[in-house]
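Asks: Got a sequence here, can you build the structure:
(chains A and B)
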Amino acid sequence: MTTALPIGWVLRASTVGFTVGCRVLQPSVPQFGDLVKVPVSDGVSVFGLIYNVQVQDDPAVRQLILVGEMEPEAVLDQRENRLVPIEISVLIVGYQRDKQIFQGLPPQPPLSLDILILGSDADIRAFTKSFDYFRLVLNSPQIPGDEVLVTHLRRVAEVQPAETQRRFLLNAGRELARLLNFDLVRLDNILRRIRPVS
Amino acid sequence: MTLELNQVAQQVKAMGRSLAEQRPRLDEELARAQSLLREFSTSYSELHDRIQRAERAQQSQRFEWVGAAPTQEALAEVYPLPPCPAELTVIASDGSQIHPDPHAITLYYLINTGCIIYRHGSNQKPETYNPKPKLYYEPEDLFDEQGRLISTGEVNVKRDLAELEVLTNLGPAYAQTVPEPVVALMDGQLTLRVIDLPFDQQQERQDEYMGLLDLLREANVILGGYIDRPRSTFALSLIYLASLDIEQINEETLRRNAFRTLTDIELFNFLGPGERSAVFTVRAKGLDRYTRAGHAIHFFYLNVSRNPASPHLARVEVPAWIVTNRPALDTLHAAIVRQAAITGGYPYVLARADELAVISSEEREAVEIMLAVEMRQQGLSPEISLKQRNKNAYRFGRESFRL
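Replies: Got it, this is the predicted structure:
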């Protein structure tokens, strides 16, 4: 998770989230739950979590499916040569001004055609030093917040030093317990899935 | 809305009735034409005699006799789908253009070409190739010696040459490097349409074009021109001659073709999925140069559909050197059907080449904006004509109230 190659470009944005257009999905492009970053102006970057990846409609692809005579070369052509439109939806969880990271909504959203890049390991470690952004994820309507958080935390744990991975997950679990103490079923569902391997 | 749809609606009803009323007569004519096709299926010498008489009869006329002539294949025969090589390369190119517009901010034209190389059986991503788009703006590009602006027909000729040039750059290169047969497909007829050019340029451009065809022939590239939903009547012109006694063929009878409301694809509606018709030669005086250069234009009709209930006939044009090479002809036949199967009736590579070449209205607008910015930077004043400005204002600025 160290690539800084542009993954896509912002199509539309608001203060709480934005959507990025990109070409075909590759293993190297961001996945559901990844922390991503959009540099928006000098020294300012917006951080977000991917909560949806959508393959858009395309009449040519629809026609190929209806005909059903799929050749591997045509599939590769559609996936790798044609601009198959893919939209990645991102929930904004914080921003960085100069070196300082703030968890919460930024003063301004990204603009159209700003570039989306995958957060580096250093970005991820720096951003996840505190867990104030959990509330934003858990309280965002119309996104699968619990699923986003589980996938995100598992991936973040992987970039922590081996000796602190367990402590990181325990701390995250404590914060979740504090936020979800009114909904034990929901809390249990998340904690069981991020439990450190002993 | 300025079109009075209620007025059109009545005429549409009358049109529907007329189409239905014509059908029995058309079916009768078609049955007669197909009966003649079977009757004269192998009467090659009788048909050639009639063609010669028709050509002589038309010699004194402004319009020559244009039609099909038989080759060595029985006219009413169907030729089944040959096996397709498991590995096969199909290359297609297409072109697009922005024509010069006297009402635009300045005079220019632009030609863009796209090409795709699809290797069946390779499990590899097809290669796509977009040569650099070419912008023409110098006075010698835009005007002839009398100061006349280049016509759209002349721009189209340049585009057609650019399309074939891409095939001649890539086809021979692939034919040398890959073990499988290489097929090159063009969208449309194989001949260069030079009728809009000044006479001296017609020969020059045709020589250039045939030089490119020579390169494909020398490299053993299997060339075909694909015409979707053709309205051609070459075979029916021949069948009409068959319907006349040879002594009856004269200027007068040639003007009254009994099958003029039919098309060749109706004549060959008996072709089953994957089957092709016999190969015919196109007889037209304007094609003599192609014949002399060894590229005599031939064609066959091909049902590219896999569904017996919904046939889809295309015309495929091939040069003489493909007709005399039966394995090449069979490979082309099989390649087109295989390509069309991917999309359900149209060669995949042609659809993709079009996509790669096409200049969208947004792209055209972007070119105009770039030009306007550059002209301003050079101290020039880019302005569209008043006519265009008013058209834009009235066409795109109007509020629309719909029922």
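
Asks: State whether A:Ile11 is indeed within a helix.
Replies: One correction, residue A:11 is Leu, not Ile. No. Counting by DSSP: H, G, I helix; E, B strand; the rest coil, A:Leu11 is located in no helix; its state is strand.

Asks: can you pull the pLDDT of A:Met1?
Replies: As predicted, A:Met1 sits at a pLDDT of 38.

Asks: So the helix or strand containing B:Glu355, near chain A or not?
Replies: Using DSSP states H and E, B:Glu355 maps to helix B:348-357. Yes. Part of helix B:348-357 sits near chain A under the criterion Cβ under 8 Å from any Cβ of the partner chain, namely B:348, B:351-352, B:355. For every residue, glycine as well, the C-beta is placed using N, CA and C.

Asks: Show residues contacting that helix.
Replies: The contact list for helix B:348-357 (Cβ atoms under 8 Å, 6 or more residues apart in numbering or on different chains) reads A:60, A:74, A:77, A:82, B:90-96, B:112-116, B:118, B:126, B:128, B:130, B:185, B:187, B:226, B:339-340, B:342-343.

Asks: just the helices in chain A please.
Replies: In chain A, the helices defined using DSSP state H lie at A:59-67, A:72-76, A:121-127, A:134-139, A:145-158, A:165-179, A:184-194.

Asks: In terms of secondary structure, what does the second one contact?
Replies: The one in question is helix A:72-76. On a contact count with 3 or more Cβ pairs under 8 Å, 6 or more residues apart in numbering or on different chains; DSSP states H and E, helix A:72-76 meets strand B:109-120.

Asks: switch to 6 Å and redo it
Replies: Under the contact definition 3 or more Cβ pairs under 6 Å, 6 or more residues apart in numbering or on different chains; DSSP states H and E, helix A:72-76 sits against no other helix or strand.

Asks: Okay, buried residues for that helix please.
Replies: Using 16 or more other Cβ atoms under 10 Å in any protein chain shown as the test for burial, helix A:72-76 gives A:73-74.

Asks: Show the model's pLDDT score for residue 140.
Replies: In the absence of a named chain, this looks at chain A. If you check A:Ser140, the pLDDT there is 94.

Asks: Sorry, I should have been clearer: chain B.
Replies: 92.

Asks: Which residues belonging to the host helix or strand of it are considered buried?
Replies: Secondary structure assigned from DSSP H and E places B:Glu140 in helix B:139-142. If you call a residue buried by 16+ other Cβ under 10 Å, then helix B:139-142 has these buried ones: B:141-142.

Asks: That one: how far from the chain's middle?
Replies: Remark: helix B:139-142 is offset 28 Å from the chain centroid, using Cα atoms, centre = their mean, to the nearest Å.

Asks: Check which element follows that helix along the chain.
Replies: helix B:152-177.

Asks: what packs against the helix or strand B:Leu26 falls within?
Replies: Under the criterion of DSSP H and E, B:Leu26 resides in helix B:5-39. When contacts are defined as 3+ Cβ pairs under 6 Å, 6+ apart, helix B:5-39 sits against helix B:234-243.

Asks: Report the rounded mean pLDDT for the helix it packs on.
Replies: The average pLDDT within helix B:234-243 is 96.

Asks: What's the first helix or strand after the helix holding B:Glu355?
Replies: As assigned by DSSP H and E, the chain's next helix or strand after helix B:348-357 is helix B:361-377.

Asks: ok so, going back, of the contacts of helix B:348-357, buried ones?
Replies: A:74, A:77, A:82, B:90-96, B:112-116, B:118, B:126, B:128, B:185, B:187, B:226, B:339-340, B:342-343.

Asks: what number of residues lie near the nearest residue to A:Met70 once chain neighbours are set aside?
Replies: Using Cβ to Cβ, 6 or more residues apart in numbering or on different chains and skipping residues adjacent in sequence, the residue nearest A:Met70 is A:Leu64, 6.6 Å away. Look at A:Leu64: counted by other Cβ atoms under 10 Å in any protein chain shown, it has 21 neighbours.

Asks: Quick check: which ranges of chain A have low pLDDT?
Replies: A:1-5, A:23-29, A:83-84, A:198 (pLDDT under 70).

Asks: Ok, chain B next?
Replies: Along chain B, segments meeting pLDDT under 70 span B:1, B:396-403.

Asks: quick check: domain ranges of it?
Replies: B:88-357, B:361-396 (automatic domain parsing).

Asks: What are the neighbouring residues in contact with B:Thr253?
Replies: By Cβ atoms under 6 Å, 6 or more residues apart in numbering or on different chains, B:Thr253 lies in contact with B:Leu244.

Asks: can you tell me the helix or strand for it?
Replies: Element membership of B:Thr253 [criterion: DSSP H and E] is helix B:251-254.

Asks: Quick one: name whatever helix or strand follows that helix.
Replies: helix B:264-267.

Asks: I would like the residues contacting that next one, please.
Replies: If you take Cβ under 6 Å, 6+ apart as the criterion, helix B:264-267 is touched by B:30, B:33, B:232-233, B:235-236, B:313.

Asks: how much space between B:Leu241 and B:Arg56?
Replies: B:Leu241 sits at a distance of 12 Å from B:Arg56 (criterion: Cβ to Cβ, to the nearest Å).

Asks: more crowded one of the two?
Replies: A side-by-side neighbour count of B:Leu241 and B:Arg56, using other Cβ under 10 Å, places B:Leu241 first with 26 against 12.

Asks: So for that one, what's the nearest residue that isn't a sequence neighbour?
Replies: Using Cβ to Cβ, 6+ apart and skipping the chain neighbours, the partner closest in space to B:Leu241 is B:Arg50 (4.1 Å).

Asks: Relative to B:Leu254, how far out is the one you found?
Replies: B:Arg50 is 11 Å from B:Leu254, by Cβ to Cβ.

Asks: the more surrounded of the two?
Replies: Comparing B:Arg50 with B:Leu254 by neighbour count (other Cβ under 10 Å), the higher total belongs to B:Arg50, at 24 against 20.

Asks: The more buried one sits in which helix or strand?
Replies: helix B:44-58.

Asks: Against which helices or strands is that helix packed?
Replies: Using 3+ Cβ pairs under 6 Å, 6+ apart: helix B:44-58 touches strand B:67-70.

Asks: What parts of chain B come near chain A?
Replies: Of all the residues in chain B, those in contact range of chain A (Cβ under 6 Å from any Cβ of the partner chain) are B:118, B:123, B:125-126, B:128, B:341-342, B:344.

Asks: Once you drop chain neighbours, what's closest to B:Arg217?
Replies: B:Trp321 is the one closest to B:Arg217 (Cβ to Cβ, 6+ apart), at 5.2 Å.

Asks: Burial check on the nearest residue to B:Thr42 once chain neighbours are set aside, number of neighbours?
Replies: In this structure, B:Thr42 finds its nearest non-sequential neighbour in B:Ala74, 5.1 Å apart by Cβ to Cβ, 6+ apart. When neighbours are defined as other Cβ under 10 Å, B:Ala74 has 16 of them.

Asks: again, but for the one 4 residues further on
Replies: Burial measure for B:Val78: 15 neighbouring residues, criterion other Cβ under 10 Å.

Asks: Report the contact partners of it.
Replies: Here B:Val78 is in contact with B:271, B:275 (Cβ under 6 Å, 6+ apart).

Asks: most centrally placed residue in chain A?
Replies: Nearest to the mean C-alpha position of chain A, by Cα atoms, centre = their mean, lies A:Ile50 at 2.4 Å.

Asks: Identify the bridge partners of it.
Replies: Per DSSP bridges, the residues bridged to A:Ile50 are A:Val90.

Asks: Assign a three-state SS to the closest residue to chain A within the stretch 1-150 of chain B, would you?
Replies: Nearest residue of the stretch 1-150 of chain B to chain A (Cβ to the nearest Cβ) works out as B:Lys125 at 3.9 Å. With three-state DSSP as the basis, B:Lys125 sits in coil.

Asks: need the contact list for it.
Replies: When contacts are counted by Cβ under 6 Å, 6+ apart, B:Lys125 touches A:76, A:80.

Asks: Pull up the residues of chain A that are close to chain B.
Replies: Within chain A, the positions near chain B by Cβ under 6 Å from any Cβ are A:67, A:69, A:72-74, A:76-77, A:80-81.
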